[in-house]
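> how does the following fold in three dimensions:
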Amino acid sequence: MASTFRPLHDRVVVKRIDAEQKTAGGIIIPDSAQEKPQQGEVIAVGPGARDEAGKLVPLDVKAGDRVLFGKWSGTEVKIDGQDLLIMKESDILGIVG
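Numbers count the residues shown, from 1 in each chain. Next comes the predicted model:
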């Protein structure tokens, strides 16, 4: 996937990680009632953003990182048949694990 699409600047391509479809009590949650997961895996990253002096500042996240992001973060796109999100690194709340 990363060979066909390379994000620019400080943008990151994230694939959502599916949420658990059962509650702790064993109740199965139908797709229509589930919220979209706010956790994903970084698929590709851009080269970084430029600071005031024009120097390239690399991103803190890298491909393979599991990240948390806000409910409304990113733009949903379909690339090579996969549903992905493109977001700025600043939309990522943190790295899991």
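> remind me what whichever strand or helix holds residue 15 packs against, helices and strands.
Assigned by DSSP states H and E, residue 15 belongs to strand 11-16. Helices and strands touching strand 11-16, by 3 or more Cβ pairs under 8 Å, 6 or more residues apart in numbering; DSSP states H and E, are strand 39-45, strand 66-69, strand 82-88. Just so you know, the C-beta spots here come from the backbone N, C-alpha and C atoms, and that holds for glycine as well.
> angle of that strand against strand 39-45?
140 degrees (axes from the mean of the first three to the mean of the last three Cα atoms, to 10 degrees).
> which residues touch strand 11-16?
1-2, 5, 7, 36-37, 39-46, 59, 61, 67, 69, 74, 79, 82-89, 92 (Cβ atoms under 8 Å, 6 or more residues apart in numbering).
> and the gap between the residue lying closest to residue 11 once chain neighbours are set aside and residue 56?
Leaving aside its sequence neighbours, residue 11 sits nearest to residue 46 (Cβ to Cβ, 6 or more residues apart in numbering; 4.8 Å). In this view, residue 46 and residue 56 are 10 Å apart by Cβ to Cβ, to the nearest Å.
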